[in-house]
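J.: what's the 3D shape of this:
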Amino acid sequence: MEYLPDISRYASHFGYLGIFLFFISVDQLTPLPEEITLITMGYLTANHLFNPFIAGISAIAAFITVDTVYFFLARSGNTFLEKKVKRKKHFILNKYKKRLKEHFGISLLILCFIPRVRILVPVFAAITHLPYIKFLFFDVLGLIAFTTFYISLGIIFHSGLHSQIANLENIQHIIFTIAMLFLSILIIFFIRKTQQ
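T.: The predicted model follows:
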C-alpha cells in the first residue's frame, strides 16, 4: 500500500506478532498514548491490513502480559517500577484508593478509560493486596472493553473519512495522521494537567 509504506511494510513483515511486540516494548517506552495506537490499529484494520478481531486479541494478550509483570513487580516492591509511577501514584491513589478497595471491578473499568492511568491499575491492585486471580479477571474485562472501544473508533473514523472523501484516498490518510497527532497532543496535555 503506497499511502502508508512504513506501516504496511511493518504489518506485512511482523503481522499480529508485531502488534504484541509493539505493546510490550515500544508502547512502554514512549509517551504515545495506547488509545492513539489502538485507534490507528482500527484504522489499519479498515484498510484490510489486519483482521480487527485477531488484532484486538494480540493487543489484549500484550496488555495482560505487561499488566501481569507490573502487578508482580509492584508486589515485590521493585524500585524501577516505583520510580516509574512515583509522580502519578500519589495523585491517583489519593483519589481512588478507597474506591479501589471497595469497588475494584467498577473502578478498574473507569480507570481503563482515563488516558495513561490504565497502565497503573496493576500497581494499585498489588498495593491494595488484591489476589492476582481477581485482578486478572477484572483486568481482562476492562481490557476487552478498552481495546474494543478504541479499535472501533478507528474503524468508524476510517468509514467517516472514506465516505466524505472517497476520491481523495491519499488526503484521507493525511487527515487521519493529523487528527491522531492532534489527539495525542490533547491526551498528553490532559495527562500532564491532571498530574500537577
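J.: mind listing the helices for the chain?
T.: 5-24, 26-29, 34-46, 52-75, 79-102, 104-112, 121-127, 132-164, 169-195 (DSSP state H).
J.: where in the chain is pLDDT low?
T.: Within the chain, the segments meeting pLDDT under 70 span 1-13, 79-101, 160-173, 176, 191-196.
J.: which residues touch the residue nearest in space to the middle of it?
T.: The centre of the chain sits closest to residue 34, judged by C-alpha atoms, centre = their mean, with a distance of 2.9 Å. Applying C-beta atoms under 8 Å, 6 or more residues apart in numbering, one finds that residue 34 lies in contact with 23, 27, 63, 116, 118-119, 150. C-beta coordinates here come from the backbone N, C-alpha and C atoms, glycine included.
J.: repeat that for 10 Å
T.: Residue 34 makes contact with 23, 27-28, 59, 62-63, 112, 115-116, 118-119, 146-147, 150, 187 under the criterion C-beta atoms under 10 Å, 6 or more residues apart in numbering.
J.: And residue 138, by the same measure?
T.: Contacts of residue 138 (C-beta under 10 Å, 6+ apart): 104-109, 112, 121, 125, 130.
J.: Try it again at 7 Å.
T.: The contact partners of residue 138, by C-beta atoms under 7 Å, 6 or more residues apart in numbering, come to 104-105, 108.
J.: next one: residue 40
T.: Taking C-beta under 7 Å, 6+ apart as the criterion, residue 40 is in contact with 154, 180.
J.: how many other residues sit next to residue 103?
T.: Burial of residue 103 is recorded as 13 neighbouring residues (other C-beta atoms under 10 Å).
J.: Over to the one 5 residues further on?
T.: A count of neighbours around residue 108, defined by other C-beta under 10 Å, yields 25.
J.: just the one 5 residues further on next, same as before
T.: The local packing count at residue 113 equals 14, with neighbours defined by other C-beta under 10 Å.
J.: Could you check how far the nearest residue to it once chain neighbours are set aside is from residue 190?
T.: The shortest distance from residue 113 to any residue other than its chain neighbours is 6.7 Å, reached at residue 146 (C-beta to C-beta, 6 or more residues apart in numbering). According to C-beta to C-beta, to the nearest Å, residue 146 stands 17 Å off from residue 190.
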